[in-house]
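1. give me a model of this one.
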Amino acid sequence: MPYTGVIIEESLAKKDILKYFKILNTRVEKVTPKHETPWLKEWTLHTVEIPEDEIQSAVEKISKDLDVSHGHWYADFKNSNTHFIVFKDKIFKIDRTSQEQYDQVKKYGMSLGIPEHQLIFKAKK
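-> Modelled structure (predicted):
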């Protein structure tokens, strides 16, 4: 079962990593004060699909390539059972029914300075 998720192009140190992904959709959005990324006026969101047999290598590539020069970013990819949440040099593999695991991700993200409202994850019931 493939994974889908969004990669924000501006979160990447090297944009050429995008060539490794099947891009389903791309949209550009205006960045607002609510996003708390004042160094950007807009961002480019790529919805991607990753085959199940390639997910581990894909998240490892992204984890190494996230840009932390202005703050921390994360990317996430999920299928119906599993959710990968990827930070710079740290990957969480979450059982989508476990709120406890999601709470650990939220705690980690907040320790990096990511605003709480950007770390809202809810387990499937």
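
2. just the helices in the protein please.
-> Secondary structure of the chain by DSSP state H: the helices cover 55-65, 99-111.

3. quick check: which ranges of the chain have low pLDDT?
-> Within the chain, the stretches with pLDDT under 70 are 36, 38.

4. tell me the centre residue of it?
-> residue 75 (0.8 Å; Cα atoms, centre = their mean).

5. OK, contacts around that residue?
-> Contacts of residue 75 were listed using Cβ atoms under 8 Å, 6 or more residues apart in numbering, and they are 5-8, 11, 59, 62, 66, 85-86. (Glycine included, C-beta is placed from N, CA and C.)

6. again, 7 Å this time
-> With contact set as Cβ atoms under 7 Å, 6 or more residues apart in numbering, residue 75 has these partners: 5, 7, 11, 62, 86.

7. and which of these is nearest to residue 52?
-> Using Cβ to Cβ, residue 5 is the member of the contacts of residue 75 that lies nearest residue 52, at 13.2 Å.

8. residue contacts, that closest one?
-> So residue 5 contacts 48, 75-78 (Cβ under 7 Å, 6+ apart).
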